[in-house]
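> structural data only, the sequence is not supplied:
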């Protein structure tokens, strides 16, 4: 389970606004990559851990219902949250690696409170003027990164659920844009929407 060990270490070194940064949707066939940056107050990080804080984990490891509940608590108690995204058009123009990093850079830029240190899931970010650490599987090590993963996942899932009301037949609210067997069948029978990533393999014969 993630904890505040790294955040406490950074605060002990004099940093006052440590942001966790993560993204959601990197492996999907459809829609944007959505990223979030979350800063918790130092008082919350250093104080007695609240029960709901102990439930925060990598968003992929908790149920949608728990993600929704925790997202509301994170939004209430965080001192700042930034959101960034990159569109399927940008993904096709550049590449998914660039798009994932760019979405996280935009999330950091959109924080209402400037951070002084970043904890980034995976590798560190280029072109940001902040000290940082890139943490492989950071959403399973740092509560701040895990919280960012929850916010990004909940927001992106809501976007996909709404998209399902516009584009029927792809079961988007069910698969959230990822390459399920049903999704690949729809792509074969209906074709891609304006939000599909055309540089991805949209005709995986193994799935049809």
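It's in. Since the structure is predicted, the reported quantities are computational estimates derived from the model, not experimental observations. Residues are numbered from 1 along each chain as shown.
> hey, let's count contacts and neighbours off CA atoms from now on
Will do.
> please name the nearest non-neighbouring residue to the spatially most central residue of the chain.
In the chain, the residue lying closest to the centroid (C-alpha atoms, centre = their mean) is residue 23, at 2.6 Å. Leaving aside its sequence neighbours, residue 23 sits nearest to residue 35 (C-alpha to C-alpha, 6 or more residues apart in numbering; 3.9 Å).
> what kind of secondary structure is that neighbour in?
Here residue 35 takes the strand state, with states given by DSSP: H, G, I helix; E, B strand; the rest coil.
> any idea how far residue 83 is from it?
6 Å (C-alpha to C-alpha, to the nearest Å).
> can you pull the residues that touch both of those two?
Common neighbours of residue 35 and residue 83, using C-alpha atoms under 8 Å, 6 or more residues apart in numbering, are 106-107, 152.
> scan the residues you listed and report the most crowded one.
Greatest neighbour count in the shared contacts of residue 35 and residue 83, by other C-alpha atoms under 10 Å, goes to residue 152: 28 neighbours.
> Three-state assignment for that residue, please.
helix.
> secondary structure element holding residue 83?
In the assignment (DSSP states H and E), residue 83 maps to strand 80-86.
> and that strand, which strands flank it?
Strand 80-86 sits in its sheet next to strand 33-39 (antiparallel), going by DSSP bridges.
> ok, then the element right after the partner strand?
Using DSSP H and E, the helix or strand that follows strand 33-39 in sequence is helix 42-46.
> okay, residue 35 and residue 83: which has more neighbours?
With neighbours defined as other C-alpha under 10 Å, residue 35 and residue 83 compare such that residue 35 has more, 33 against 24.
> what bridges to the more buried one?
Here residue 35 sits in beta bridges with residue 23, residue 84, going by DSSP bridges.
> so who does it touch?
If you count contacts by C-alpha under 8 Å, 6+ apart, residue 35 has them with 21-24, 83-85, 100, 103-104, 106-107, 148-149, 152.
> of these, which pair is most distant in space?
Distance extremes for the contacts of residue 35: the farthest pair is 106 and 149 at 14.9 Å, using C-alpha to C-alpha.
> ok, now which ones touch residue 18?
Taking C-alpha under 8 Å, 6+ apart, we find residue 18 in contact with 7, 10-11, 39-40, 115-119.
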